[in-house]
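In: sequence and predicted model, in that order:
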Amino acid sequence: MTLPGGVHAETYQQDRALIRTPWQWLWFGGLLAVLLLLPFLGVSSAVGIATVIGITLIAVMGLQLTSGCAGQINMGQSAFMGVGAYAAGALAAKLHWSFLLTIPIAGLSAAVFGAVFGLAALRIKGFYLALTTIAAQFIFTFAMLKLPKAWFGQSEGLRLDPAAMGSFAFDTDNRIYYLVLAIVALMTYGAWGLMRSRTGRAFIAVRDNENAAEVIGVNVFYYKTLAFFIGAFYAGIAGALWAYYVRYVQADQFTLWLSVWYVGMLIVGGMGSILGAIVGTVVIRLMQEVITVVGPMVADVLPALGGQFVFAAMNMLLGGLIIVFVIFEPRGLVHRWNIVKESYRIWPFPH
Amino acid sequence: MLLELTNVEVVYSDVILVLKGVNLSVDAGQIVALLGANGAGKTTTLKAISGLLRSEDGKVTGGGIQFQGVPSHLEEPQILVRRGLVQVVEGRRILPHMTVEQNLLVGGKVLGGRAERQQMLQKVYGYFPKLVNLRTRVSGYLSGGEQQMLVIGRALMAKPRLILLDEPSLGLAPMIVTEIFELVERLRQQEGIAFLVVEQNANVALAVADHGYVMENGRIVLYGTGPELRENEDIKEFYLGMSLSGHGKSFKDVKHYKRRKRWLG
Amino acid sequence: MASLLSYVINGALTGLLYALIAMSFVVIYRSARVFNFAQGEIVVVGAFLVWTFMSAFDLPVWVSVPLALLASMLLGVLIERVILRPLVGQELFAFVMVTIGLLIFIRGVVLVAWGPEVRFFPAVLPMAAIKVGDLVFDRALVLGGALTLVVAAATSWFFNHTQLGLEMTAVAEDHQTALSLGISVKRSIAVAWGISGLLSTLAAIIFLNGKGMTFLASDIGFAALPVALLAGLESIGGVVLGGLIVGIAVGLAAYFLDPIFQGGVAAVFPFVIMVIILLIRPTGLFGWKTIERI
């Protein structure tokens, strides 16, 4: 990828930096400012939407690491999220542990659960692995509904009190928003660092050609398991945050459809890059919000479409988006954006 | 003229220019060799002729290809097969999970009916007696030489007038290679089938060829009859491994005067 | 004991129904190397079409059913042409995602077109139960089971012994080679999708005969997955055996485990089976083993 004219590195540090030019610093600073000041910008529902986007983003980023970077198709990310949510929920509701403990533990439990599927990757490849994760999704729902009520509340689910540190409780939208924002920033930084490290390179090697990776000394089995472990960890954290945000955990919140939505976000955003996860999540969530607002208006105008129209329209949107993107832009919006940037930078040459 | 290429240009993915004006021709019943190093564009030439470019996002963007006097560079592969042009793609692409006989029958798709297919099947078995014993063997388990015979036999089933053979000697033992080229000669004599053979093994290809072309970087750089090419100094040096003295290359001579390819351009 | 036997036999019959749906998966996979996740939705569309023709337009059975079969065949061909053809030559993940996208999209369309209410599916096949001693069987399932066996035999013969079937197999093996032999890859795939649509609607009729149905009926598509896997995604004959095994296993599991888990075992057990199959033998009993020469 080319940089704007005149930008070059004089030290290794400079070479590996993410932000290279003053303009990039400006954009980044502006983004940070907007995020930090969101509750005060006057748009009432923005904070709620942003919180949900943030939580989803963590789960999707984990999925990006497992599927986009390491190449292990995972259709069960929602189940992993559920594990995290239930873990946090049970620990918080039954044992009254603090969120400072429950969130990491939720992440770890989900990670262990995910790693079990990484073990399966020893024998099952590619498409069949995807099927296994789909099976996991159904089995998870069954398990959560059948395990003892005292543990996970079966069909009634669990209810949580707000996350609290001493007397300071995260019980308003704004406070939860900042908590989520902080964790999103942390996880994003971690993911970005991971992809630039040795582990990240190993992931890409495993994704591109397992046999070749094995031959040059990458322990394929270890890295596959690790990919699931880390991806599920992210999902677990997201699940725990979700539990604290909605304050209610129930198995039906984590279905196969949700997993598919996540994969859809990766496809739209672009698989293989952290930015792709971010772009995909934001774009699709915003579209969902638009439909939620516009849908009832359309249904009012055309009553023949029925009360389920909003739900149906979401399905049609997601399905349609996935199909369109896979056919016309399989590498996602990030790829398209990179091409636009390239074209601009090397204009008037065509390539 | 059975096959004629005039100034053919081929572009992949709208940006990669692979063939830069290729001219070649094959007449009925001729064996023509197309030589060149890796990446010269030989397989692309064959795919342009047989219409398989489209499945690799390639296009003929200039010049023309005429098969049996009719322009053919825009035709679909199945039309061309029906007209008698079959490509045997490189790498012995059998249908691995199907038996030998099923592979052959699939090749006979363009024939009229069952009876005709059975007839052609017997004919092919006549040319490849080894395959008779292997009729019910799953073809993925055949040896390399047997597989190569299978793919040529499969091409024969379509009653071709011209067969495009892509690197038939790839990965095969020298004796089997000789056998295969003997077969090519026999088919030419007994069936009147013309062959355009892409080969890296210049020796064995030039032994049977009527005339040949040498490709480099998407262009034809040399043309001559078989005997002419065999005696050509440049061919001998760069493709047959012989130095000026006519014997095998001695590394003692490497540091001394090195012949340069006169056609680099 | 009669109860156990009843569970087993009903399980076997249900398994044969799964086998019919699994066959529509396999037909497509065997011809186009595409695993169609949206198969369950196509079953539902077929069912709704039959319902629409019969209840909304008041057409008699012998008109509605063939019409619906035709329509679902056309749907299959349409999907192939519009959505899958542009993807020829791409990697597997693209196909997987597109069929999943299709799954969601069709579900949305079904909801918009027919709404979420429960509809009553007309009894195309006779409703009276069959009684053998103490055992009661759903007549539709029995007829359906017989139909599945016949269809399986016919389809298997088609793929292994007819020219068109061989060509379609060749297309599944290697698109480029098939092209170079003069086979129209596009046509083969379209035919496969058409046949698959047909099989799906047949399955829908058997499955929903005389019962209430909603858009959620598509979940049966997922339950048929283990059958397809157990058979091996390329084996049509194996699908019948796979269906019987899975059906009986699920029946037994339900009989023994339902009391412990208070029901719901039959819905999830196919997936447990699927995971076991994937761990032990992913290519299934009869699937094409990877022939690799390194």
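Out: Sure thing, it's come through.

In: use CA for all of it now, contacts and neighbours both
Out: Fine.

In: which residues sit in contact with residue 250?
Out: Answering for chain A, as no chain was given. Residues in contact with A:Gln250 (CA atoms under 8 Å, 6 or more residues apart in numbering or on different chains) are A:86, A:154-158.

In: oops, I was thinking of chain C
Out: Residues counted as contacts of C:Val250 (CA under 8 Å, 6+ apart) are C:11, C:265-266, C:269-270.

In: distance check, it against B:Val221.
Out: If you measure C:Val250 against B:Val221 using CA to CA, to the nearest Å, the figure is 69 Å.

In: and the stretch 151-300 of chain A, which residues reach chain C?
Out: Within the stretch 151-300 of chain A, the positions near chain C by CA under 8 Å from any CA of the partner chain are A:Val260.

In: quick one: low-confidence ranges for the stretch 151-300 of chain A?
Out: Residues of the stretch 151-300 of chain A meeting the criterion pLDDT under 70: A:166.

In: in it, which spans are helices?
Out: A:173-196, A:198-208, A:210-215, A:220-246, A:256-269, A:274-301 (DSSP state H, counting those that start in this stretch).

In: point out the most buried one among those.
Out: helix A:220-246 (a mean of 27; mean count of other CA atoms under 10 Å in any protein chain shown).

In: counting contacts, what elements does that helix pack onto?
Out: Packing partners of helix A:220-246 (3 or more CA pairs under 8 Å, 6 or more residues apart in numbering or on different chains; DSSP states H and E): helix A:46-63, helix A:77-95, helix A:99-120, helix A:173-196, helix A:198-208, helix A:210-215.

In: run through the strands of the stretch 101-250 of chain C in chain order.
Out: With DSSP state E, counting those that start in this stretch as the criterion, the stretch 101-250 of chain C has strands at C:119-120, C:130-132, C:135-137, C:212-213.

In: tell me how far the host helix or strand of A:Gln137 lies from the chain's centre.
Out: In the assignment (DSSP states H and E), A:Gln137 maps to helix A:126-146. Chain-centre distance of helix A:126-146: 19 Å, with CA atoms, centre = their mean, to the nearest Å.

In: what does the stretch 151-265 of chain B have sitting close to chain C?
Out: B:155, B:158.

In: the stretch 151-265 of chain B: strands as residue ranges?
Out: Assigned by DSSP E, counting those that start in this stretch, the strands in the stretch 151-265 of chain B fall at B:162-166, B:194-199, B:211-216, B:219-225.

In: CA atoms only: put the third one into PDB for me.
Out: Listed in PDB are the C-alpha atoms of strand B:211-216, where the atom choice follows Å, rounded to 0.1, in the frame of the first residue of the first chain:
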ATOM      1  CA  HIS B 211       7.000 -27.700 -37.500                       C
ATOM      2  CA  GLY B 212       7.400 -25.800 -34.300                       C
ATOM      3  CA  TYR B 213       7.200 -22.400 -32.600                       C
ATOM      4  CA  VAL B 214       9.200 -21.100 -29.700                       C
ATOM      5  CA  MET B 215       7.500 -18.700 -27.400                       C
ATOM      6  CA  GLU B 216       8.900 -16.300 -24.900                       C
END
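
In: need the pLDDT of the closest residue to chain C within the stretch 51-200 of chain B.
Out: Closest to chain C within the stretch 51-200 of chain B is B:Gln78: 3.7 Å, counting by CA to the nearest CA. Looking at B:Gln78, its pLDDT stands at 83.

In: repeat that for A:Gly114.
Out: A:Gly114 is given a pLDDT of 90.

In: list the buried residues for stretch B:11-22?
Out: B:11-12, B:17-22 (16 or more other CA atoms under 10 Å in any protein chain shown).

In: widest-spaced pair of these?
Out: The two members of the buried residues of stretch B:11-22 with the most space between them (CA to CA) are B:Tyr12 and B:Val22, at 15.6 Å.

In: alpha carbons only: can I get the helix holding A:Gln137 in PDB?
Out: Taking Å, rounded to 0.1, in the frame of the first residue of the first chain, the C-alpha atoms of helix A:126-146 are listed here in PDB:
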ATOM      1  CA  GLY A 126     -13.000 -25.900   6.600                       C
ATOM      2  CA  PHE A 127     -16.600 -26.500   5.600                       C
ATOM      3  CA  TYR A 128     -17.100 -29.300   8.000                       C
ATOM      4  CA  LEU A 129     -15.800 -27.200  10.800                       C
ATOM      5  CA  ALA A 130     -18.400 -24.600  10.000                       C
ATOM      6  CA  LEU A 131     -21.100 -27.400  10.300                       C
ATOM      7  CA  THR A 132     -19.600 -28.400  13.700                       C
ATOM      8  CA  THR A 133     -20.000 -24.800  14.900                       C
ATOM      9  CA  ILE A 134     -23.600 -24.700  13.700                       C
ATOM     10  CA  ALA A 135     -24.200 -27.900  15.700                       C
ATOM     11  CA  ALA A 136     -22.600 -26.300  18.700                       C
ATOM     12  CA  GLN A 137     -25.100 -23.500  18.400                       C
ATOM     13  CA  PHE A 138     -28.100 -25.800  18.700                       C
ATOM     14  CA  ILE A 139     -26.500 -27.900  21.400                       C
ATOM     15  CA  PHE A 140     -25.700 -24.800  23.400                       C
ATOM     16  CA  THR A 141     -29.300 -23.600  23.300                       C
ATOM     17  CA  PHE A 142     -30.500 -27.100  24.300                       C
ATOM     18  CA  ALA A 143     -28.000 -27.300  27.200                       C
ATOM     19  CA  MET A 144     -28.900 -23.800  28.500                       C
ATOM     20  CA  LEU A 145     -32.500 -24.600  28.600                       C
ATOM     21  CA  LYS A 146     -32.100 -28.000  30.200                       C
END
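
In: done for today, thanks.
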